[in-house]
Each structure stands twice: as C-alpha cells, then as structure tokens.
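*Asks:* Kindly return the folded structure for what I paste below:
(chains A and B)
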Amino acid sequence: GAVVSQHPSWVICKSGTSVKIECRSLDFQATTMFWYRQFPKQSLMLMATSNEGSKATYEQGVEKDKFLINHASLTLSTLTVTSAHPEDSSFYICSVPPRTGGGGGEQFFGPGTRLTVL
Amino acid sequence: LAKTTQPISMDSYEGQEVNITCSHNNIATNDYITWYQQFPSQGPRFIIQGYKTKVTNEVASLFIPADRKSSTLSLPRVSLSDTAVYYCLVGDTGQAGTALIFGKGTTLSVSS
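*Replies:* From the prediction side, this is the model:
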C-alpha cells in the first residue's frame, strides 16, 4: 500500500508559539489529503480537507485561522497550529485517499504527530 | 456517510476467535464496509473491506448479510498483538474527496 509520512513524529512547544506538521504522500500524487485530530481515549475527528491548488475546507468548529493548511504540492500538505495553547495538545494524523476511480478503496494514514503544548 | 454502531469494548484470550459486529442500518447502495485497526500513538491501518457476502484476507474475514445492515469482522486465533481499537466505517471510500468519519470504535483487549 501507499506510504504516508509525517514530520515531526512528536513535538513539544511553549504556549503561544506556532508549530508546523508535514504530511507527505510518498507513493503517489494526491490532490486531496485529510487532517484528523485525536485526543486521548477518543476517536479520530476530521479537522479539514486539504486541496491542492485551492483553499482547505474545514469542519464545523475548527478555526481556520488557527489551523492553517497549505497543500504545497501534489505530495505535501502542511498543518500549522498557530499560537498553540495547551488545549491544542493532541495527536494529529493525516490521510491520503485512494486514487480516483469510485467505489471502495483504502485510505492511507500517516503515523501521526504528537503535539504537546506547555 | 452511514452511521455505525459497534461495541465499545471486547475481551478475549490468546488463540480464540474474535467476532466484532457493526450495525449500519442506513447503508447506501454505493457504500462499502471497511475496517481499520489502530494501535496507541499510531495512525489507523486498513484491515479489510467488503461490499457483500464474505471477504477473507490473510488477517481477517468480513461477513456481510444480504441486507447489508450489519457486518462482522472475524479475527481468527488472536494474539496479544491484536490488542487495539477496531473501527467500522461505511461509505463510498473510493471517491478522492470522501473523508472517513470515525465512530467510537471497539477496544479489543487480548490476554494470555
């Protein structure tokens, strides 16, 4: 299956600083990538859809000015958590959907990035 | 995407077969049923996907009745390393713009 990488795997930052998380699709180009957030003992929650060549679309309740998404190329999407606060501490995961074709398909997830804001 | 319901948790012992059932009463004609596995501090990993009847791969089987309103993930002879959260998802996941919406999942604990 496709390989998706994330960098960094973990990061600790001070409150008020910004943190950038990278998601790379290593096997194929992706015009769409997804960003999820997962708090301890909870399920994955979709944050936003990253679209190459256009603005990201955010789920209800997710602040677009706080979580900046840039689909820089067909293999790279970045999530920047601006002015991070302790409540932003979470596990951030990206995913790459299957190639176009319709019907079924496996989505490929990155290994996740653990963000801790002090 | 259709809403799914699955048990919050299950316990098992090594070597046993584990069956996790997922209910999806509002499944649409174009929807597939997909199961993912997630270990702590890792991204979800695809296990198996099916549309109807039975699908088997090297790690699991997926049973889907004719009405497709439920499905059962079967893990044969589980080991300690199968301890994880298992998510059942229903949707037309082949569309590039279709995000996966995760439910609460089933936490499987395997003991020796």
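
*Asks:* in the sheet, who's paired with residue A:73?
*Replies:* Listed by DSSP bridges, the beta-bridge partners for residue A:73 are residue A:76.

*Asks:* Counting neighbours, what do you get for it?
*Replies:* 13 (other Cβ atoms under 10 Å in any protein chain shown). Any C-beta I mention is one placed from the backbone N, CA and C, and that applies to glycine too.

*Asks:* Looking at it now. What's its pLDDT?
*Replies:* Note on residue A:73: pLDDT of 92.

*Asks:* Would you state the strands of chain B in chain order?
*Replies:* For chain B, applying DSSP state E gives strands covering B:9-13, B:18-23, B:32-38, B:45-50, B:53-56, B:61-64, B:70-75, B:84-91, B:106-111.

*Asks:* who does the first one pair up with?
*Replies:* Based on DSSP bridges, the strands next to strand B:9-13 in the sheet, each with its direction, are strand B:106-111 (parallel).

*Asks:* quick one: secondary structure of the closest residue to residue A:56 other than its chain neighbours?
*Replies:* Closest residue in space to residue A:56, ignoring its immediate chain neighbours: residue A:69 at 3.8 Å, by Cβ to Cβ, 6 or more residues apart in numbering or on different chains. With DSSP: H, G, I helix; E, B strand; the rest coil as the basis, residue A:69 sits in strand.

*Asks:* just checking, residue A:69 touches residue A:35?
*Replies:* Yes - under the criterion of Cβ atoms under 8 Å, residue A:69 makes contact with residue A:35 at 6.6 Å.

*Asks:* Bridged to the residue most central in space within chain B, which residues?
*Replies:* Centroid-nearest residue in chain B: residue B:35, 3.2 Å away (criterion: Cα atoms, centre = their mean). Beta-bridge pairing of residue B:35 under DSSP bridges involves residue B:48, residue B:88.
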